[in-house]
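**Student:** here is my input; please provide its structure:
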Amino acid sequence: MIQVTDLSQSFGKKKVLDAVTIEIGQHEICALVGRNGAGKSTFINSLLGLLPVNQGRITINSRQVTKKYADWKKLIAYLPEKFMLYPMLTGIENITFFAEAVDKKAVPERIERALRSVSLWDDRDVQVKKYSKGMLQRLGLAITLYQESSILILDEPTSGIDPMGRKEILEVLKSLDDKTILLSSHHLDEIRQVCTHVAYLEDGKMAKYKVEDFLKTHDLGGF
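**Tutor:** Numbering: from 1, shown residues only. Model prediction:
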């Protein structure tokens, strides 16, 4: 569970987050929604401990996010919108490399489980330079799932993917019913398909809705 209380973040005189309070419950899939520049990246970076908290408190499964105590980091895994893979390595070589950055020795069973969960086991020995954009995104998700964290933060996981690739990613996300997921997205159709809640960020304030209530009450036009 993610619990944020009175989180405020400023850059100079500009207040980006203004006393944000929100709770994302266990096994919820919550979309983080807001226009460009609304502060979504600032919010995510605060949750990940990449930005020090100016004011307020963040807890991950009751463990406070601080630099002094880092045990909360094992509970959360992050997939950025843009991430680097090694094109000359195969899919399984890439996930093994990143797994060994977490564990001194990669666990083959966990690698196989992660690749199978995103339907890439059969393509594990293919160089990733031959992967489609959707396959690359699924490999990034597999690398994230290898950590077996209970909480996932995904930043635009379907960005730049064709409709078939998006469908594949969404099917994977719908299968992760044992995870708590915060999903940054601007695609209302995919929010409708996979999310249980929406965290809407506007003018530094955040409000949480059930998906059906959010879609009924917000006309986002060209969002």
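
**Student:** below-threshold pLDDT in this protein: ranges please.
**Tutor:** 69, 219-223 (pLDDT under 70).

**Student:** so who does the one residue sitting closest to the centre of it touch?
**Tutor:** What sits nearest the mean C-alpha location of the chain, by CA atoms, centre = their mean, is residue 154, with 1.5 Å. Contacts for residue 154 (CB atoms under 8 Å, 6 or more residues apart in numbering) come out as 78-79, 141, 144, 173, 181-184. Yep, even glycine has a C-beta here, placed from its N, CA and C like the rest.

**Student:** out of those residues, flag the one nearest to residue 8.
**Tutor:** residue 182 (19.1 Å; CB to CB).

**Student:** which stretches in this protein count as strands?
**Tutor:** 2-11, 14-24, 29-33, 55-60, 63-64, 76-79, 151-155, 180-184, 197-202, 205-210 (DSSP state E).

**Student:** mind listing the helices for the protein?
**Tutor:** Using DSSP state H, the helices of the chain run over residues 40-47, 91-102, 108-117, 133-146, 163-175, 188-194, 211-217.

**Student:** now these in a markdown table, please, with extra columns for mean neighbour count and distance to residue 1.
**Tutor:** Compiled in a markdown table, the helices of the chain are given as follows (neighbours: other CB atoms under 10 Å; distance: least, CB to CB, whole Å):
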| stretch | mean neighbour count | distance to residue 1 |
| --- | --- | --- |
| helix 40-47 | 21 | 12 |
| helix 91-102 | 19 | 23 |
| helix 108-117 | 16 | 23 |
| helix 133-146 | 23 | 19 |
| helix 163-175 | 16 | 19 |
| helix 188-194 | 17 | 19 |
| helix 211-217 | 14 | 19 |
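
**Student:** need these in a markdown table with distance to residue 10, can you?
**Tutor:** Converted to a markdown table, those look like this (distance: least, CB to CB, whole Å):
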| stretch | distance to residue 10 |
| --- | --- |
| helix 40-47 | 10 |
| helix 91-102 | 33 |
| helix 108-117 | 38 |
| helix 133-146 | 30 |
| helix 163-175 | 33 |
| helix 188-194 | 29 |
| helix 211-217 | 27 |
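
**Student:** residue 23: which of the ones you listed is closest?
**Tutor:** Closest among the helices of the chain, using CB to CB: helix 40-47, at 12.6 Å.

**Student:** ok, the residue nearest to the centre of the chain to residue 140 distance?
**Tutor:** From residue 154 across to residue 140, the span is 9 Å (CB to CB, to the nearest Å).

**Student:** who touches both of those two?
**Tutor:** Common neighbours of residue 154 and residue 140 (CB under 8 Å, 6+ apart) are residue 79.

**Student:** hmm, back to that, so what sits opposite the residue nearest to the centre of the chain in the bridge?
**Tutor:** Residue 154 has these beta-bridge partners by DSSP bridges: residue 79, residue 183.

**Student:** ok, of the contacts of residue 154, which one's closest to residue 19?
**Tutor:** residue 182 (19.2 Å).
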